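[1] no FASTA, just this:
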């Protein structure tokens, strides 16, 4: 069984990483993994990851890090949302363009996988 890091950030997460999408995909390909994952703070890397994965015949896993606003917490809760299917992509777009409150995120989780990193 292969290990696949999910919370990989690329250079599209400003000041968080210097990894290029090409390097992320090449690393997955050279380690004979079936998937390549990218979980940035925005969605700018999605089309590039998709194109690079198609070249190497690897399945892309798209995700995004967001700060979830929870009423009873003083600081936002950092979560990762991964797209499971087309409905997940549309749900993620709704979440990104909203206030990112707990109520809004929970009501738009169709097709998404939510992970709370430690």
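    Looks like it arrived, so ask away. None of the values given here were measured: they were computed from a predicted structure.

[2] going by C-alpha atoms from here, please, whenever you check contacts or count neighbours.
    OK.

[3] now do the buried residues in the helix-or-strand element of the chain with minimal mean pLDDT.
    When the helices and strands of the chain are scored by mean pLDDT, DSSP states H and E, helix 102-106 comes last with a mean of 89. Of all the residues in helix 102-106, those buried under the rule 16 or more other C-alpha atoms under 10 Å are residue 105.

[4] let me know the next secondary structure element after that helix.
    strand 112-115 (DSSP states H and E).

[5] contact partners of that next one?
    Contacts with strand 112-115, where a contact means C-alpha atoms under 8 Å, 6 or more residues apart in numbering, come from 79-85, 87-89, 91-92.

[6] so residue 49, which of the three states?
    Residue 49 falls in the helix class when you classify it by DSSP: H, G, I helix; E, B strand; the rest coil.

[7] ok, now which ones touch the closest residue to it other than its chain neighbours?
    Nearest residue to residue 49, sequence neighbours excluded (C-alpha to C-alpha, 6 or more residues apart in numbering): residue 21, at 6.0 Å. Contact analysis of residue 21 by C-alpha under 8 Å, 6+ apart lists 10-11, 45, 48-49, 52.

[8] how near is residue 21 to residue 39?
    According to C-alpha to C-alpha, to the nearest Å, residue 21 and residue 39 sit 11 Å apart.

[9] give the intersection of the neighbour lists for these two.
    With C-alpha under 8 Å, 6+ apart, residue 21 and residue 39 have common neighbours residue 10.

[10] check the protein for its longest strand and report it.
    strand 59-68 (DSSP state E).

[11] got a list of contacts for that strand?
    For strand 59-68, using C-alpha under 8 Å, 6+ apart, the contacting residues are 34-43, 46, 49-50, 53, 76-83, 100-102, 105.

[12] one more: stretch 83-93?
    By C-alpha under 8 Å, 6+ apart, stretch 83-93 touches 61-63, 81-82, 108-113.

[13] of those, which is the nearest to residue 4?
    residue 61 (10.4 Å; C-alpha to C-alpha).

[14] among the contacts of stretch 83-93, name the buried ones.
    Neighbour counting by 16+ other C-alpha under 10 Å classes 61-63, 81-82, 108-112 among the contacts of stretch 83-93 as buried.
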